[in-house]
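Student: Dropping the sequence and predicted coords here.
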Amino acid sequence: MKPGDSTIPKFYGLPKVHKEGVPLRPIIAFRSSPTYNLARDLAKRLRPLVESSERMLSNSTDFVERLRGVNLGEDDCLVSFDVKAMFTSLPQGLIRQAAMSTVESSPEFLDKSKLTAKELMGLVDLCLDSTFFKFRDKIYHQKVGTPMVSPISVVLAEIAMQRYEEEVLKDAPPSLKLWVRYVDNVFVIMKKEEVEPFFERLNTKNEANQFEMEKEENGRLPFLDVMVTRSGSTLTTGVYRKDIHTDRLRDYGSCHPATHKRTHKPKNTLHRALTKIKDTVSQADRMGVVYDIGCKDCETHYVGETSKKLATRLLEHQRAVGRRDMSSAILRHTEETGHEMDWQNAEVKYGDPYRPVIRAKYHSRRFETAVLGIGERNRDSKQQEYHSKCFSESN
């Protein structure tokens, strides 16, 4: 749970091109937050509290299984409800109250967690109160809802929704045949004449939780990526694709380059130019990168990879040189040649946090001159062996 090399998370939005008006889905790049590790640990601890709900769906396959054996009457109606902007609209008071009530009513969970309910809620409060983010060089504090992409957001939202669900279903009409939910999407089967009154009660129960409704058309209703269709008194299912889906995919077994098969959209389009709303991150603040440090006096380069910020990693290199740490390839080069490294012009070559060592291997082959090596901190024996193979041609 201890924070590592952290920065203030950046805020940006992703356009929902399938919705009218193209609203933005707010996103906070939470991985760089000081509370990211804490939020991830709490999410893991709290997740067992929400997995036992009979109404919660785990995926589309689970949804299809729930529809088996459902018998429809002529006056039954298929309906879906969708919470508007659930993560950013849930009141934090409701989240805290629901979380405390859920934790206190689970003595077995508290025994296993080795923390009291007060201690757990203190950590939850810390995550909810530390929702600072940066947008266009200004710092903001999110006071409503949970931050998008935070590991704990889904769990806390699920706890709050389950509590809210219990209150709502107390007033549900007896004709309600099915109520299943995936995060903020609800699939319901009930009598036609009761749909509108029930929908009104949903939106008056809590002003912060406002639902949108979609009814079946011609006996068909999409839910998640499933198209549900009436077939007499039973239901059939098929694959559903939104209108913007092109159904064009490259065969992964083809001879196209792997990078083309992973993504084949052009980099420069009018849409990308108009929706480029992410703040630019400076090279010094980038994390999970492959970087290059050149020598001022010769054409030798040091290629390294780090999960930290580039500025932090460069400072570690400079300190290693300052304390004459002979395990440093940079120090050995400067000692043997009397040269000086060009720290000011160190640059990021690749921003790929998942395959940095492989990226460094490819980058090193671009140099005809010597490559000093790659940082070897925190590598196990297999990684060391792989590293030596990567740079055997350059050393």
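Tutor: Alright, I've got the coordinates.
Student: Could I get the full set of strands for the stretch 201-350 of the chain?
Tutor: Applying DSSP state E, counting those that start in this stretch to the stretch 201-350 of the chain gives strands spanning 211-215, 220-223, 226-231, 234-239, 287-294, 301-309, 347-350.
Student: mind putting these in CSV, mean neighbour count and mean pLDDT included?
Tutor: Bear in mind the C-beta positions are built from the backbone N, C-alpha and C, glycine included. What follows is the strands of the stretch 201-350 of the chain, written out as CSV (neighbours: other CB atoms under 10 Å; pLDDT from 0 to 100):
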stretch, mean neighbour count, mean pLDDT
strand 211-215, 14, 90
strand 220-223, 19, 93
strand 226-231, 16, 92
strand 234-239, 14, 90
strand 287-294, 22, 86
strand 301-309, 22, 86
strand 347-350, 16, 84
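Student: will you turn those strands into JSON lines that also has distance to residue 48?
Tutor: Below are those laid out as JSON lines (distance: least, CB to CB, whole Å):
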{"stretch": "strand 211-215", "distance to residue 48": "28"}
{"stretch": "strand 220-223", "distance to residue 48": "27"}
{"stretch": "strand 226-231", "distance to residue 48": "27"}
{"stretch": "strand 234-239", "distance to residue 48": "30"}
{"stretch": "strand 287-294", "distance to residue 48": "30"}
{"stretch": "strand 301-309", "distance to residue 48": "29"}
{"stretch": "strand 347-350", "distance to residue 48": "38"}
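Student: Might you list the low-confidence residue ranges for the stretch 1-150 of the chain?
Tutor: Judged by pLDDT under 70, the stretch 1-150 of the chain has its weakly predicted residues at 1-4.
Student: All the helices of it, residue numbers only.
Tutor: For the stretch 1-150 of the chain, the helices defined by DSSP state H, counting those that start in this stretch occupy 36-46, 60-67, 86-89, 92-104, 107-113, 117-129.
Student: Relative to residue 236, which of the ones you listed is closest?
Tutor: The closest of those to residue 236 is helix 60-67. By CB to CB, the value is 8.8 Å.
Student: what does the closest one contact?
Tutor: Outside helix 60-67, the residues that touch it by CB atoms under 8 Å, 6 or more residues apart in numbering are 57, 178, 180, 182, 187, 223, 224, 225, 226, 228, 235, 237.
Student: which one of the residues you listed sits closest to residue 107?
Tutor: In terms of CB to CB, no member of those lies closer to residue 107 than residue 57, at 27.7 Å.
Student: so which two of the contacts of helix 60-67 are the farthest from each other?
Tutor: Distance extremes for these: the farthest pair is 178 and 225 at 18.7 Å, using CB to CB.
Student: quick revisit: so which of the strands of the stretch 201-350 of the chain gets nearest residue 161?
Tutor: strand 211-215 (11.6 Å).
Student: which residues sit against stretch 7-27?
Tutor: 28-33, 85, 88, 132-135, 139-140, 147-149, 242-244, 275, 277-279, 281, 285, 287, 309.
Student: okay, which residue is most central for this structure?
Tutor: The chain has residue 149 as the residue nearest its centroid, 4.1 Å off, counting by CA atoms, centre = their mean.
Student: Please name the nearest non-neighbouring residue to it.
Tutor: residue 30 (4.6 Å; CB to CB, 6 or more residues apart in numbering).
Student: re the thing from before, out of the contacts of stretch 7-27, which are buried?
Tutor: Buried members of the contacts of stretch 7-27, scored by 16 or more other CB atoms under 10 Å, are 28-33, 85, 88, 132-135, 147-149, 275, 281, 285, 287, 309.
Student: correct me, but residue 78 touches residue 217?
Tutor: No - Residue 78 is beyond contact range of residue 217, at 9.6 Å (criterion: CB atoms under 8 Å).
Student: If you count surrounding residues, which of the two has more?
Tutor: Taking other CB atoms under 10 Å, residue 78 and residue 217 do not tie; residue 78 has more neighbours (23 against 9).
Student: OK, contacts around that one?
Tutor: Taking CB under 8 Å, 6+ apart, one finds 187, 188, 189, 215, 216, 221, 228, 230 in contact with residue 78.
Student: which two from those residues end up farthest apart in space?
Tutor: Between any two of those (CB to CB), the greatest distance is 14.8 Å, for 188 and 230.
Student: Residue 233 touches residue 71, doesn't it?
Tutor: Yes - using CB under 8 Å, residue 233 is in contact with residue 71, at 5.2 Å.
Student: got the contact list for residue 49?
Tutor: Applying CB under 8 Å, 6+ apart to residue 49 gives the contacts 102, 103, 106, 109, 155, 159.
Student: tell me the domain ranges of this structure?
Tutor: Split into domains by automatic domain parsing, the chain comes to 11-239, 286-390.
Student: can you redo the ones you listed as a markdown table with distance to residue 251?
Tutor: What follows is these, written out as a markdown table (distance: least, CB to CB, whole Å):
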| stretch | distance to residue 251 |
| --- | --- |
| domain 11-239 | 19 |
| domain 286-390 | 23 |
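Student: Ok, which of the ones you listed comes nearest residue 5?
Tutor: domain 286-390 (4.1 Å).
Student: didn't the residue nearest to the centre of the chain look like it was pressed against residue 32?
Tutor: No - under the criterion of CB under 8 Å, residue 149 is not in contact with residue 32, lying 10.9 Å apart.
Student: now the lengthiest helix in the chain against helix 36-46, angle please.
Tutor: Identified as the longest helix of the chain according to DSSP state H is helix 151-170. Counting by axes from the mean of the first three to the mean of the last three CA atoms, to 10 degrees, helix 151-170 lies at 40 degrees to helix 36-46.
Student: Could you list every helix and strand that helix 151-170 packs against?
Tutor: helix 36-46, helix 86-89, helix 92-104, helix 117-129, strand 178-182, helix 192-205 (3 or more CB pairs under 8 Å, 6 or more residues apart in numbering; DSSP states H and E).
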